[in-house]
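A.B. asks: Got a predicted model here, sequence first, then my questions.
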Amino acid sequence: MVWATKVSLALTVLILASPILSQGVQPPSPTSDTPPQISSPPGPLASPIAPELPIGGGPNLPASGNIPGNSTSTGPIVGGAPGNGTLAGGEKGNSTIIMDPRDPPGRITMVNPSNPATVFPRFAIGDDIHFKWEFDKNLRIPPKELYLLAARISRNLEYPIAFNISGSSKEYIWKTSTWNQTLAPLTEDKDYILQIYDERGLKAVPEAGRLAIFRMPFGLYRRGGGDPFCTACLSNSARTSPVMATSILALLLLWFHTWFCSVDYTSTIKYVKQNQWTNCPQGDLIMKNEHKGRLLHRCEGGCVIVNESI
């Protein structure tokens with residue numbers, strides 16, 4: 001009887017205390033001196049972090065490769081929207097260059113020989129031929145390598161002059177005196193073409209900022225064989241060979257002075273000793289000098305007469 005009474009009392013206490021336990025202990029109301037504590041909620045954030053985008057582009061712009069509306073990129077993308085221009089990477093360590101495809105290509109201007117479009121260049125076989133050139137301001141992407149090749153297209157012949165020289169080179173000397181005449185003989189003709197191009201080869205199309213292929217016709221001749229081309233090339237020959245030009249000029253002056261003074265002067269000149277003076281028929285002074293069995297007559301008026309020794 002006593003045990004049943006204790007069990008009944010315990011059940012009554014549990015029933016009365018259950019509402020209080022379910023409510024728990026309420027925290028004190030915040031005051032102005034105690035700021036509320038905010039804890040981070042568990043689980044993922046409300047909005048995910050956006051993925052990293054390529055430099056200078058949006059989510060649809062690739063970090064490398066082909067860009068819509070442009071040529072193939074060889075370097076990283078630097079700013080701009082698709083279709084703004086052709087991207088071309090520079091050499092290692094340099095910044096990328098952005099080119100407008102409408103820009104002109106870079107070109108070579110020949111310094112030596114000068115004015116090849118006006119005066120046809122002619123060179124003597126056996127000489128050291130000095131080619132010298134400059135690049136214009138449109139060359140924005142310098143070549144890595146340069147090649148010089150002479151060709152005779154009508155005869156399907158090629159003469160490799162220089163291969164794999166530095167892309168910054170601005171001159172080259174072609175030593176034709178040591179040229180192998182057995183493998184590719186150099187002959188007199190005016191159908192040679194000098195071609196200067198970069199590592200992209202002779203089939204490269206003109207591209208904005210890059211070097212365009214340079215072509216220059218020229219001729220080769222052998223010394224002592226006369227002029228195989230035309231007399232109009234005399235001015236260029238004088239530039240190429242100063243010694244030959246001086247000799248030709250001296251012969252022309254000698255012919256002119258002899259004709260102007262008239263060889264009849266010699267018929268009235270009497271023999272005198274060396275370095276003595278005598279009179280020309282018209283009063284001009286003439287000095288006779290014995291030179292290799294000949295008498296050189298010099299008029300004060302500028303005439304030069306050559307006569308056999310007496």
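C.D. replies: Nice, I can see it.
A.B. asks: low pLDDT regions in the stretch 51-200 of the chain?
C.D. replies: 51-95 (pLDDT under 70).
A.B. asks: And residue 162, how far from residue 173?
C.D. replies: To residue 173, residue 162 is 9 Å away according to Cβ to Cβ, to the nearest Å. In this view, the C-beta of every residue, glycine as well, is placed from N, C-alpha and C.
A.B. asks: higher neighbour count, the two?
C.D. replies: The neighbour comparison of residue 162 against residue 173 (other Cβ atoms under 10 Å) goes to residue 162, with 15 against 12.
A.B. asks: which stretch of helix or strand covers that one?
C.D. replies: Taking DSSP states H and E as the criterion, residue 162 maps to strand 157-166.
A.B. asks: Output the contacting helices and strands for that strand.
C.D. replies: Counting by 3 or more Cβ pairs under 8 Å, 6 or more residues apart in numbering; DSSP states H and E, the packing neighbours recorded for strand 157-166 are strand 145-152, strand 171-175.
A.B. asks: okay, the angle between that strand and strand 171-175?
C.D. replies: Per axes from the mean of the first three to the mean of the last three Cα atoms, to 10 degrees, the angle that strand 157-166 makes with strand 171-175 is 140 degrees.
A.B. asks: now the angle from strand 157-166 to strand 145-152?
C.D. replies: 170 degrees.
A.B. asks: Contacts for strand 157-166, please.
C.D. replies: Identification of contacts with strand 157-166 by Cβ atoms under 8 Å, 6 or more residues apart in numbering yields 145-152, 172, 174, 184, 186, 192, 194.
A.B. asks: filter those to the buried ones?
C.D. replies: For those, a burial check counting by 16 or more other Cβ atoms under 10 Å picks out 146-151, 172, 174, 186, 192, 194.
A.B. asks: can you give me the strands for the stretch 151-300 of the chain?
C.D. replies: For the stretch 151-300 of the chain, applying DSSP state E, counting those that start in this stretch gives strands covering 157-166, 171-175, 189-198, 214-221, 277-279, 285-291, 294-299.
A.B. asks: Next, the buried residues of the fourth one.
C.D. replies: When burial is assessed from 16+ other Cβ under 10 Å, strand 214-221 yields the following buried residues: 214, 216, 218-221.
A.B. asks: Switch the residues you listed over to TSV; also include pLDDT and distance to residue 101.
C.D. replies: TSV is the format used below for the buried residues of strand 214-221 (pLDDT from 0 to 100; distance: Cβ to Cβ, whole Å):
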residue	pLDDT	distance to residue 101
214	98	21
216	98	27
218	97	33
219	96	38
220	96	40
221	96	44
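A.B. asks: now the residues you listed as TSV including distance to residue 118?
C.D. replies: TSV is the format used below for the buried residues of strand 214-221 (distance: Cβ to Cβ, whole Å):
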residue	distance to residue 118
214	16
216	12
218	13
219	15
220	20
221	19
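A.B. asks: Closest one to residue 179 out of these, please.
C.D. replies: For those, the residue nearest residue 179 by Cβ to Cβ is residue 220; the value is 10.6 Å.
A.B. asks: Let me see the contact set for the closest one.
C.D. replies: Contact analysis of residue 220 by Cβ under 8 Å, 6+ apart lists 122-125, 176, 186-189, 192.
A.B. asks: One more pass at 6 Å, please.
C.D. replies: Neighbouring residues of residue 220 by Cβ atoms under 6 Å, 6 or more residues apart in numbering: 123, 125, 186, 188.
A.B. asks: Those: which two are farthest apart?
C.D. replies: Among the contacts of residue 220, 123 and 188 lie farthest apart (Cβ to Cβ), at 10.9 Å.
A.B. asks: Looking at those two, which one has more neighbours?
C.D. replies: residue 123 (23 against 13).
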